[in-house]
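Enquirer: could you look at this predicted model? Sequence included:
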Amino acid sequence: MPILTINGILIIILLGILAAYSLREHRWWLLPIDLAGVVAAGLAVGMELGHFENRILTIATMAAITLVLIVNIWFVFRDLRSGEMGDLLDNGLPRRGALYRMIAGEDELREEVNSRQEEEISEGLQALELWKVGNESYVDGNYLDALSKYELSLRWVPSVPAAVNASAAALELQKFEEAERYAATALEIRDDCVEAWVNRGLALERLQRPEEALQAYEKALELAPQDVVIHLLAGRVLRRLGQLDRAVEVLDRGLEIAPDHSELLFEKSLALIRQGRREDALPFLTETVKRNPKHYLAFFHLANTLNRLDRNEEAVHYYDLVLKLKPDHTEAWNNRGIALSKMRRLRKAIQSYKKALALRPQYHEAWINLALAHDSLGQANEALRAYKQFLDLAPSSMTKHIELTRRRVQELEQQIQRRKARKKAETAQEKAEDGGSGEPIVVGAPPEQKKVDEKAADVVE
């Protein structure tokens, strides 16, 4: 087989792999380009095998193939630079989606083993073997067994790889105090270990010690200023601490390194929302869902932002997308109902509130919203039941809502009593008229129903 034909077949295989990667990364627009490259390469192979010579067609197919390869190489390089291809290049350590760090290569542990005295070589080799077995257990999803193996490895030879990986396994098991202790052990051995600083920060965050977590992330950033995930973690903890200007600054530095990193874009949108800059947050949320169409939290915050801006039709559309991805998202059902209520589509709003309550019967915000929707439709009995449920469940901090609800409950109870009295009087009047005796009973006109001025419970972020 001619060498050009072999090269053409290899290019077809390569472009097929790149097309699969585009599909995996949800780059739908890049998929036709890759498929066009496959067709061009197939045409080139066909021309070679059929001994068909057409200089213009040959140049055109080669140019098309080259262009497709350049586009794909650029995207792969960018993903490598931003760290988004790490899960394709490692050996399962850590699992995909994990923010903590692990050490997969054994070189550092071997160096520590080799640096020990001759009589301790067997202990060092035992530590290395236990560390490897721990890694295998981790990849298999047996995190408890992995942690026990890392602990045994540390007993034989205290090493950075075993301590770091033990902290990662402890984080996976939600043993946050142990995770922090193992990370600290790694830092006692080598204080410039980025992985240990990251894992320590994650453990401290979960232990509700955000200031210390921030210090750990800042130290990690000093050691690895190009690591976009550390920018993400530092920006997140700054946002949670309310240091919003600093959070935006750190996230912007991360976005300079990786402009299309979906989690950085999402985290910046949350910081902007906290600053009250909802209009500014919209492009970042839109870009996040474009980059990751399965990011239901980004869809949720996009819908909430549009809801707050009274762009209710758009908000309902995005709540629907959230609920396609996560049908049991109670806040999405509740907030969808709020958007529908604002559009006076009250019956559909009631359906949304009821769906939220079916999923979470103790959801007091949904009860008050359901009550207000029924009240607006003049459905006094249904409104009264929902108001009373809200009063049973509402936390004491909702003083204003509780006070207004109690007042409205009294009004509705009086209204229902008056209605019953009217009905009773009308029945008595009909009986009197049928009997042909007595004076007709004059029933006073009911007072005008008071409208509930209080807004629905606020959009739940």
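Expert: It's in.
Enquirer: where does pLDDT dip in the protein?
Expert: Counting by pLDDT under 70, the chain shows low-confidence ranges at 1-8, 21-30, 45, 47-55, 57-58, 75-92, 112-121, 432-460.
Enquirer: now do the SS call for the residue nearest the centre of the chain.
Expert: Centrality entry for the chain: nearest residue to the mean C-alpha point is residue 297, 4.1 Å, by C-alpha atoms, centre = their mean. Under DSSP: H, G, I helix; E, B strand; the rest coil, residue 297 falls in the helix class.
Enquirer: list the contacts for it?
Expert: With contacts defined as C-beta atoms under 8 Å, 6 or more residues apart in numbering, residue 297 is in contact with residue 266. C-beta: built from backbone N, CA, C; applies to glycine.
Enquirer: how far away is it from residue 321?
Expert: 12 Å (C-beta to C-beta, to the nearest Å).
Enquirer: cool, and residue 60?
Expert: Per C-beta to C-beta, residue 60 is found 41 Å from residue 321.
Enquirer: quick one, which of these two is more surrounded?
Expert: residue 321 (17 against 14; other C-beta atoms under 10 Å).
Enquirer: which residues touch the more buried one?
Expert: Taking C-beta under 8 Å, 6+ apart, one finds 299, 303 in contact with residue 321.
Enquirer: quick check: the gap between it and residue 306.
Expert: For residue 321 relative to residue 306 (C-beta to C-beta), the value is 12 Å.
Enquirer: what residues are shared contacts of the two?
Expert: Joint contacts of residue 321 and residue 306 (C-beta under 8 Å, 6+ apart) do not exist.
Enquirer: in the longest helix belonging to the chain, what's buried?
Expert: In the chain, assigned by DSSP state H, the helix with the most residues is helix 399-435. For helix 399-435, burial by neighbour count (16 or more other C-beta atoms under 10 Å) applies to 401-402, 404-405, 408-409, 411-412, 415, 429.
Enquirer: same check on stretch 94-106?
Expert: Neighbour-count burial for stretch 94-106 [16+ other C-beta under 10 Å]: 94-95, 99-103.
Enquirer: run the chain-centre distance for it.
Expert: How far stretch 94-106 lies from its chain's middle: 20 Å, per C-alpha atoms, centre = their mean, to the nearest Å.
Enquirer: could you do stretch 93-112 as well?
Expert: 25 Å.
Enquirer: what's in contact with it?
Expert: 87, 90-91, 124, 127-128, 131-132, 135, 138-139, 157, 159-162, 164-165, 167-168, 171-172, 194-196, 198-199, 202, 229, 233.
Enquirer: domains in this protein, by residue range?
Expert: The chain resolves into domains spanning 3-82, 92-212 when parsed by automatic domain parsing.
Enquirer: sorry, back to before: are any of the contacts of stretch 93-112 buried, and which?
Expert: The buried subset of these (16+ other C-beta under 10 Å) comprises 124, 127-128, 131, 135, 138, 157, 159-162, 164-165, 167-168, 171-172, 194-196, 198-199, 202, 229, 233.
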